[in-house]
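[1] I would like the atomic coordinates for the input below:
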Amino acid sequence: MKNTVSILSLLVIFFLVSSCNNSSNVSEAGIPVIFDTDANNELDDQHALAYLLLNDQSFNILGITTNATYNGGEIDEHMKEAQRVVDLVGWKDKVRVIKGANGDFEEIRAQLKQEEFDGSEAVDFIIQEAMKKRKEKLVLLPVGKLTNVALALEKEPAIAKKIRIVWLGANYPAPGEYNLDNDIASMNYILKTDVPFEMVTVRYGETSGTAYVMAKRRNIYARMPGMGPVVDEAVTGRHGGAFTCFGDYSVDLFRNITSLENGCFRSLFDMAAVAIVKDPSWAEAYEIPSPLYLNNEWVEQGGNSRVITVWENFNRDAIMTDFYSTLENASAAEAAVE
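    Next comes the predicted model:
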């Protein structure tokens with residue numbers, strides 16, 4: 001009997017010591033992710049963010065960092081739009097929207113030794129979260145320019161081994177693309193840095209990029225009204241009006257969009273990037289020696305030992321089905337609780 005008690009005591013002590021030793025590990029369920037967005041640019045960021053937040057069984061969303069690109073105004077406008085979406089899906093008190101870079105990488109990098117600089121709140125947040133102990137790498141999911149991410153790597157190079165960057169951007173191997181053009185220097189900096197980097201291609205007008213993942217406006221009008229959790233406090237939309245669920249706001253965003261592909265479709269580029277992190281089988285990936293982008297064209301680096309991942313051939317039907325199902329499930333879950 002005494003031996004049994006002694007063994008049990010030792011097991012209890014071992015458990016307590018082990019728990020103390022692991023206290024610095026982050027307790028998390030799902031893929032740890034920071035979503036970096038120019039939310040006020042058009043309408044795909046909003047749908048990507050809502051989809052991400054409502055997939056909290058798959059993701060551990062640590063924060064929403066923001067950046068400003070050519071469209072959508074200054075950084076405060078992008079923060080306001082991201083906050084609208086956060087509020088509309090019932091995450092107001094669950095996740096922070098954090099101010100990031102208004103300017104570009106080359107403008108800001110010389111200021112990194114200062115306590116505060118353009119984008120410092122987002123940059124410091126990325127570094128702090130990246131340096132925490134986790135079972136898997138922190139996914140940085142930028143769906144705008146790469147400024148915040150590049151600045152974080154420049155300020156604290158040690159995070160390179162602790163993160164995985166999944167960027168929505170570039171028409172690779174063709175030139176151009178909005179996110180790329182907004183801060184080419186930040187992308188080239190990351191391409192030259194030894195850090196896991198995945199390029200989720202856009203490829204306007206082609207079937208192989210995220211531009212092919214489109215929502216038909218008529219389907220948005222038919223399926224989205226009332227979808228998602230209903231919040232108690234109405235949120236004023238970007239174009240006015242008061243909304244209590246993301247589905248209704250989605251309809252309003254589509255009503256106010258100025259241009260549509262083929263007259264009735266709108267690409268949800270950013271949402272596809274979230275989707276393939278959730279389920280990599282919804283696209284195809286291949287590796288290439290890390291290239292550079294110089295004088296508005298890709299320059300291949302055939303002998304480069306550093307490789308990056310390129311994503312293409314997205315399963316539009318699977319991604320759009322999961323998007324709609326996510327909103328419908330959120331509505332059904334709320335109805336069941338009521």
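[2] Just say helix, strand or coil for I190.
    helix (DSSP: H, G, I helix; E, B strand; the rest coil).
[3] and it, how many neighbours?
    A count of neighbours around I190, defined by other CB atoms under 10 Å, yields 22. Bear in mind the C-beta positions are built from the backbone N, C-alpha and C, glycine included.
[4] what about the longest helix in the chain?
    If each helix of the chain is counted by residues according to DSSP state H, the longest one is helix 316-337.
[5] Okay, buried residues for that one please.
    Of the residues in helix 316-337, those with enough neighbours to count as buried (16 or more other CB atoms under 10 Å) are 316, 319-320, 322-324, 326-327, 329-331.
[6] Could you check which helix or strand contains F254?
    Secondary-structure element containing F254, defined by DSSP states H and E: helix 246-256.
[7] which outside residues touch that helix?
    Applying CB atoms under 8 Å, 6 or more residues apart in numbering, the contact partners of helix 246-256 are 43, 46-47, 50, 84-85, 88-89, 215, 217, 220-221, 224-229, 235, 237-239, 241, 243, 266, 327, 331.
[8] Which positions in the next helix or strand after that helix come out as buried?
    Once helix 246-256 ends, the next helix or strand along the chain (criterion: DSSP H and E) is strand 265-267. When burial is assessed from 16+ other CB under 10 Å, strand 265-267 yields the following buried residues: 265-267.
[9] Could you let me know which of those residues ends up closest to G100?
    S267 (23.7 Å; CB to CB).
[10] Surely D36 forms part of a strand?
    Yes. If the criterion is three-state DSSP, then D36 is within a strand.
[11] right, and it touches V139 too?
    No. Contact status for D36 versus V139: not in contact, 10.7 Å apart, counting by CB atoms under 8 Å.
[12] The two: which is more packed in?
    When neighbours are counted by other CB under 10 Å, D36 comes out ahead of the other of D36 and V139, with 29 against 20.
[13] average pLDDT across the helix or strand hosting D87?
    When elements are assigned from DSSP H and E, D87 belongs to helix 75-88. In this model, helix 75-88 carries a mean pLDDT of 98.
[14] Any buried residues in stretch 186-205, and which?
    186-191, 193, 195-204.
[15] Using a markdown table, lay out the buried residues of helix 316-337 together with distance to V123.
    A markdown table is the format used below for these (distance: CB to CB, whole Å):
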| residue | distance to V123 |
| --- | --- |
| R316 | 35 |
| I319 | 31 |
| M320 | 34 |
| D322 | 32 |
| F323 | 31 |
| Y324 | 35 |
| T326 | 30 |
| L327 | 33 |
| N329 | 35 |
| A330 | 32 |
| S331 | 37 |
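[16] Which one among those sits at the bottom for pLDDT?
    Here the lowest pLDDT out of these sits on S331, with 83.
[17] Going along the chain, name the strands of the protein.
    Secondary structure of the chain by DSSP state E: the strands cover 31-37, 59-66, 97-98, 138-142, 163-168, 197-200, 214-216, 235-236, 242-243, 265-267, 284-289, 292-294, 297-299, 307-312.
[18] and the second one, how far from the chain's centre?
    Taking CA atoms, centre = their mean, to the nearest Å, one finds strand 59-66 lying 7 Å from the centre of the chain it belongs to.
[19] Ok, the last one next?
    When C-alpha coordinates are averaged (CA atoms, centre = their mean), strand 307-312 and its chain have centres 17 Å apart.
[20] And the contacts of it?
    Strand 307-312 is contacted by residues 172, 191, 196-201, 203, 208-209, 276, 283-290 when judged by CB under 8 Å, 6+ apart.
[21] Run through the helices of the stretch 1-150 of the chain in chain order.
    If DSSP state H, counting those that start in this stretch is used as the criterion, the helices of the stretch 1-150 of the chain fall at 2-21, 44-53, 75-88, 105-108, 120-130, 147-155.
[22] Which strands or helices does the third one pack on?
    It stands for helix 75-88. helix 44-53, strand 59-66, strand 97-98, strand 235-236, helix 246-256 (3 or more CB pairs under 8 Å, 6 or more residues apart in numbering; DSSP states H and E).
[23] If you count neighbours, what's buried in the last one?
    Same thing as helix 246-256. In terms of neighbour count (16+ other CB under 10 Å), helix 246-256 has its buried residues at 246-254.
[24] same thing with stretch 107-119?
    Of the residues in stretch 107-119, those buried (16+ other CB under 10 Å) are 107-109, 117-119.
[25] Stretch 297-313 too?
    Using 16+ other CB under 10 Å as the burial criterion, the residues of stretch 297-313 that qualify are 308-312.
[26] Mind giving me the PyMOL command for buried ones among the contacts of helix 246-256?
    Burial among those is assessed by 16+ other CB under 10 Å; the matching PyMOL selection reads:
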select buried, resi 43+46+47+50+84+85+88+89+215+217+220+224+227+228+229+235+237+238+243+266+327+331
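[27] ok, V143 to V200 distance?
    Between V143 and V200 the distance, using CB to CB, to the nearest Å, works out to 9 Å.
[28] Hmm, I typed the wrong one, I wanted Y51.
    When distance is defined by CB to CB, Y51 is 14 Å away from V200.
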